[in-house]
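> Please find the sequence and the predicted model below.
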Amino acid sequence: MEEVKNILWREDYQRIGLNIPIHWHPEKAPHMAISGATGSGKTYFTKLLLGKIVKYIPSSQLYICDAKGDQDFSFLDGADRFARWDVGPMFQRFFEAFQARQRGEDASRNILILMFDEWSNYLEFLSDKRTQEEEKRKLALLVRLGRSFGIHVILGQQRFDASYTPGRENFTVAISLGIMSKEAREMLFSGYKDEIAAHPPRQQGTGFMLTNGANFVPISVPWVRNQEKLHQAIYAGVSR
């Protein structure tokens, strides 16, 4: 079973001097929701995660949709499976890759990862309600049926609203960094209010993680010494 190693640290153990890493098993927990406001470390962690995927799953291919459209992923400009701002065609391309596997036209099962930064931004800029609902339908199908076909979705947003994010129960890994919004707490960590209150206030690069609705842990993001090397790894993942 493929796993992505050392994506995070157990922050509660770090407080007593122990570095206990957290790994991600896409087959066990196929889809991930990452929440965090500006300055929380969300983008930093997302880049780290993508680089780790490329490192530990060499056959994986990344599709990255940056609906935020700022400079955070500008190092990917020109890469084959990267789109910034006008991300609809890339999302459709990923959905068609899923359909090809579902119909049996593509028998390969190497892991395909869609990382969509600011899904809600994308929906808000669509021209009409009908188009919004169609795109939400596609996302719901991906997270409900994708695992059997090697299809995985990572959704990063500042706020998680149920009206924008269908199939939320299928996002089996929930991560929040920095100060958690009310929407993220209610959508991603419902039932864990007491556990959240028992920990010190979250700072940049720290937060909480919930896996398969049961394994709740405080987390911190590892430090990346060489950002250029990380960017090169991500570029390879959207180009190979």
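Thanks, I have it. Numbers count the residues shown, from 1 in each chain.

> Dihedrals phi and psi, Ile154?
The phi and psi values for Ile154, taken as degrees, to the nearest 10, are phi -120, psi 120.

> State the next helix or strand along the chain beyond the helix or strand of the chain with the lowest mean pLDDT.
Confidence across the helices and strands of the chain bottoms out at helix 182-188, with a mean of 82, counting by mean pLDDT, DSSP states H and E. Remark: after helix 182-188, the chain's next helix or strand is helix 193-197, criterion DSSP states H and E.

> same for the least confident helix or strand of the chain, what does it pack against?
strand 32-35, strand 173-177 (3 or more C-beta pairs under 8 Å, 6 or more residues apart in numbering; DSSP states H and E). In this view, the C-beta of every residue, glycine as well, is placed from N, C-alpha and C.

> Can you name every helix or strand that the helix ranked longest in the chain contacts?
Secondary structure of the chain read by DSSP state H shows that its longest helix is helix 129-145. Helices and strands touching helix 129-145, by 3+ C-beta pairs under 8 Å, 6+ apart, are helix 88-102, helix 119-124, strand 151-157.

> what would the ones you listed look like in TSV with distance to Asn19?
As requested, the helices and strands packed on helix 129-145 are arranged in TSV below (distance: least, C-beta to C-beta, whole Å):
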stretch	distance to Asn19
helix 88-102	35
helix 119-124	33
strand 151-157	24
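
> Quick check: which of those is buried the most?
Burial of the helices and strands packed on helix 129-145 is given as mean neighbour count (mean count of other C-beta atoms under 10 Å); strand 151-157 ranks first at a mean of 24.

> for the most centrally placed residue in the chain, which residues make a bridge with it?
Within the chain, one residue has its C-alpha closest to the average C-alpha position: by C-alpha atoms, centre = their mean, that is Ile154, at 2.6 Å. Taking DSSP bridges, one obtains Met32, Met115 as the residues bridged to Ile154.

> show me where pLDDT drops low in this structure?
Along the chain, the model assigns pLDDT under 70 to no residue.

> how about a cut-off of 80?
Under the criterion pLDDT under 80, the flagged ranges of the chain are 1, 159, 161-163, 166-168, 183.
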